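Enquirer: no sequence for this one, just the structure:
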């Protein structure tokens with residue numbers, strides 16, 4: 001009987017390790033995506049303000065590319081955050097049976113966390129702000145292009 005209980009505890013411990021691994025992995029992927037997103041946005045803005053000035057067609061193509069970039073990275077961020085949260089919740093469920101407290105003794109909730117907001121809210125706001133910026137630029141470029 002003791003061997004079966006030990007096997008279950010070892011299986012729970014392995015699952016706990018995997019859940020923690022996936023939690024950290026998704027957080028690292030979110031950070032990497034953010035760095036790539038910022039670099040790509042900087043590149044698009046640089047091309048938009050290049051000398052000589054881009055043609056009217058490129059003045060529409062670049063903001064549309066920014067819109068797509070913002071949407072894709074924003075959506076990927078949401079998916080990764082959801083997966084990270086699921087892995088963390090599973091680790092919290094498993095640690096009770098293992099008598100561990102790694103995820104229970106975390107930092108105190110911030111003001112925004114107390115309002116029910118997620119820790120990824122500032123990053124999501126950045127993606128939405130970028131999407132809004134590129135939308136305005138696309139509308140502006142299409143209006144200027146239509147006048148010419």
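Expert: Happy to help now that I have it. These numbers were taken from a predicted model, which means no experiment stands behind them.
Enquirer: which regions of this structure lie under the pLDDT threshold?
Expert: For the chain, the stretches with pLDDT under 70 are 1-2, 105-118, 148.
Enquirer: For it, just list every one of the helices.
Expert: 2-48, 56-98, 111-114, 121-147 (DSSP state H).
Enquirer: Find the residue at the geometric middle of this protein.
Expert: The centre of the chain sits closest to residue 77, judged by CA atoms, centre = their mean, with a distance of 2.5 Å.
Enquirer: Just put the helices of the chain in JSON lines and tack on distance to residue 104.
Expert: To be clear about C-beta, it is placed using only N, CA and C from the backbone, and glycine gets the same treatment. Rendered in JSON lines, the data for the helices of the chain read as follows (distance: least, CB to CB, whole Å):
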{"stretch": "helix 2-48", "distance to residue 104": "13"}
{"stretch": "helix 56-98", "distance to residue 104": "7"}
{"stretch": "helix 111-114", "distance to residue 104": "16"}
{"stretch": "helix 121-147", "distance to residue 104": "23"}
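Enquirer: Pick the most buried one from those.
Expert: With neighbours taken as mean count of other CB atoms under 10 Å, these reach their highest mean count in helix 56-98, at a mean of 17.
Enquirer: Output the contacting helices and strands for that one.
Expert: Applying 3 or more CB pairs under 8 Å, 6 or more residues apart in numbering; DSSP states H and E, one finds that helix 56-98 contacts helix 2-48, helix 121-147.
Enquirer: Report the inter-axis angle for the longest one versus helix 56-98.
Expert: Computed by axes from the mean of the first three to the mean of the last three CA atoms, to 10 degrees, the angle separating helix 2-48 from helix 56-98 equals 160 degrees.
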